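*Asks:* This is a predicted model, with the sequence first.
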Amino acid sequence: MSVEPSPTGGPNDGGARHVLDDASIEWLRAGGPAGDVVFSSRVRLARNLSGLPFVGRATPEQKQRTLDLVREAIRGTDLPDRWVWLNIHETPASDRGLLVERHLISKQLQKGRGAAIGEDPRAVAFCTPGERVSIMVNEEDHLRLQVIRSGLDLSDAWAQADRIDDSLEAALDFAYAPRLGYLTACPTNIGTGARMSVMLHLPALRMTGDIDKVKRAAGDMGLAVRGFYGEGSEAAGDLYQLSNQTTLGKSEAMILSDLESVIIPRVIEYERIARKTLLTKRTNFLLDQIYRSLGAARHARLMTAEEAMQHLSNIRMGCILGVIKDVEPALLNLLLLLVQPTHLQRVFGKDLDQDARREARALLLRTRLGGV
Amino acid sequence: MKCDRCENEATVHEVTVQAGVKVEKHLCESCAAGEGLTPPAPAAPEVLKALIETTAKRASRGPACPTCGMTFDEFKQCGQFGCANCYEAFEARLLPLIERAHEGATQHLGKRPRRATGQVESSRTKALAALIEERASRASAIRRLLEEAVKAEQYERAAELRDELRRLTDAPPGATA
């Protein structure tokens, strides 16, 4: 796949589809530091081009110009991976859905600003294989660079984001003011423009009811708590995303160290203790939860996405605690993605309505998890 | 209401307080003129009223950003600025808001771009734009040659040109295709 889809042919050809069918995604790897609790670490940088209006006030021509400039600048980045460039305004709805489910684009970029297909120029560039790096163009800001790592590894994600930012900056002028830092469309992102987040799997804290304490404490420490699919999404599958709330007045290193060496390790420890306590003091309660989920995954005939995510969460904890020995955590992570509506339809190779999806989802879990 | 002095309709009304006592006067226009009271100004026509209202509104909204034309009210409605210069244009009203959003911080710490940015399109961006144009014009030249080669059934040449076109428009240098 190329950075630039054929200029004469369809802009998003079979190549794009092929890339999206590849499941070698970094955040599904189920490895990395503290992988028993931490799903993935992510660093996001917001940048805007100086001399062009922000996206909300740009004309279609100006938005197209931003796409051209960013695409050219990406050519200058020195990465071992290949870049894939997709014009979201020309991408069919189903592929856009895949990108959202894979955390490559936001719902906002998927929707655009209410324009018909072919209008409202916007794009995503991402690296393959692995999808560790992606850049949304013309979302809320001109650029939203995202670097993702499996497990707790914000430092490495930041190091790469910093390098890519440097090489983009060698070709582009970013809007910046000495006092307010990088200037963004929304003043809540000014300064570093950096949002660092960690996706945590906290099933035991949910079972003990201590999750609310964690949420409150995180809020008190200036962190935002979100669900698996970001703002407004429920914490389906016991996945919680913790991120810094403020971007001004703290350097990237300070944001990083607050999260990685102070707050997150405490939450990880809290979850580990809760798991151990459940296993030793409420053994049957815990085993019941885990085996019920395994039973449902291996035998149920109809399943919603939320229910599937909940069962996968319980099974995942069972694997990590050594209760379930014949299922790989990496498979569970992959299933977490495949049970999402668009991926599910891609797996079965056809459009499925809601009822058909529930059936297909149950079938997928049964076949992949050795059920009947 | 009738005039205090004659049978005419009272159109001028005056209320005063004299030594703590409220005194009301209701007079017709001519009696009022005799007392030295001016009649009220005639009502402004509707058009004028509308004009006054918009002017007042505009004044309350404050000045717009000189670069993109956004007003602070517009910003308050949508939560996003129109361009980077809005930050300078609305600095005074913005700082308290920024302070609230960032736990009291008003000074950036951390990464700085290696080059200070100008607010106009820089020569660097222009250089990049020139590169884009050059690439596009080379691609379209090759495409023309390619068409000719295909027409002339020079397929080997066409294949070469196609490769060249791909190199030009595809993956960045060093990337595998």
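*Replies:* Received the coordinates, thanks. Fair warning: this is a prediction, and the values are worked out from it, not measured in the lab. Numbering: from 1, shown residues only, chains lettered A, B, ... in the order given.

*Asks:* can we go C-alpha only for contacts and neighbour counts from here?
*Replies:* Will do.

*Asks:* how much space between the residue in the stretch 151-300 of chain A that chain B sits nearest to and A:G191?
*Replies:* Using C-alpha to the nearest C-alpha, the single residue of the stretch 151-300 of chain A nearest to chain B is A:S251, 3.9 Å away. The gap separating A:S251 from A:G191 is 8 Å, by C-alpha to C-alpha, to the nearest Å.

*Asks:* Spell out which residues are contacts of both of those two.
*Replies:* Taking C-alpha atoms under 8 Å, 6 or more residues apart in numbering or on different chains as the criterion, A:S251 and A:G191 both touch B:H108, B:L109, B:G110.

*Asks:* who in the stretch 251-372 of chain A is up against chain B?
*Replies:* Residues of the stretch 251-372 of chain A lying close to chain B (C-alpha under 8 Å from any C-alpha of the partner chain) are A:S251, A:E252, A:A253.

*Asks:* can you pull the contacts of the last one?
*Replies:* In this case it means A:A253. A:A253 touches B:G110, counting by C-alpha under 8 Å, 6+ apart.

*Asks:* State the phi and psi torsions of A:R282.
*Replies:* Main-chain dihedrals, A:R282, degrees, to the nearest 10: phi -130, psi 50.

*Asks:* about what we covered before: list the contacts for the residue of the stretch 151-300 of chain A closest to chain B?
*Replies:* A:T192, B:H108, B:L109, B:G110, B:K111.

*Asks:* Try it again at 10 Å.
*Replies:* Counting by C-alpha atoms under 10 Å, 6 or more residues apart in numbering or on different chains, A:S251 makes contact with A:G191, A:T192, A:A194, A:S257, B:H108, B:L109, B:G110, B:K111.

*Asks:* Now list the buried members of these.
*Replies:* Among the contacts of A:S251, those classed as buried by 16 or more other C-alpha atoms under 10 Å in any protein chain shown are A:G191, A:T192, A:A194, B:H108, B:L109, B:G110.

*Asks:* By residue count, tell me the biggest helix in chain B.
*Replies:* Longest among the helix segments of chain B by residue count, using DSSP state H, is helix B:123-151.

*Asks:* A:D165 and A:L152: what is the separation?
*Replies:* Counting by C-alpha to C-alpha, the separation of A:D165 from A:L152 is 22 Å.

*Asks:* okay, these two: which has more neighbours?
*Replies:* The neighbour comparison of A:D165 against A:L152 (other C-alpha atoms under 10 Å in any protein chain shown) goes to A:L152, with 26 against 17.

*Asks:* mind checking the SS state of B:R5?
*Replies:* When classified by DSSP: H, G, I helix; E, B strand; the rest coil, B:R5 comes out as coil.

*Asks:* Near it, how many other residues are there?
*Replies:* For B:R5, using other C-alpha under 10 Å, the count is 13.

*Asks:* just to revisit the earlier point, return the subset of the residues of the stretch 251-372 of chain A next to chain B lying in helices.
*Replies:* Residues of those located in helices (DSSP H): A:E252, A:A253.

*Asks:* next SSE after the longest helix of chain B?
*Replies:* helix B:155-169 (DSSP states H and E).

*Asks:* what mean pLDDT does that next one have?
*Replies:* Across helix B:155-169, the average pLDDT comes to 83.

*Asks:* which regions of chain A sit below the pLDDT cut-off?
*Replies:* Counting by pLDDT under 70, the ranges of chain A that qualify are A:1-23, A:114-118, A:230-235.

*Asks:* Can you tell me the centre-most residue of it?
*Replies:* Nearest to the mean C-alpha position of chain A, by C-alpha atoms, centre = their mean, lies A:H103 at 3.5 Å.
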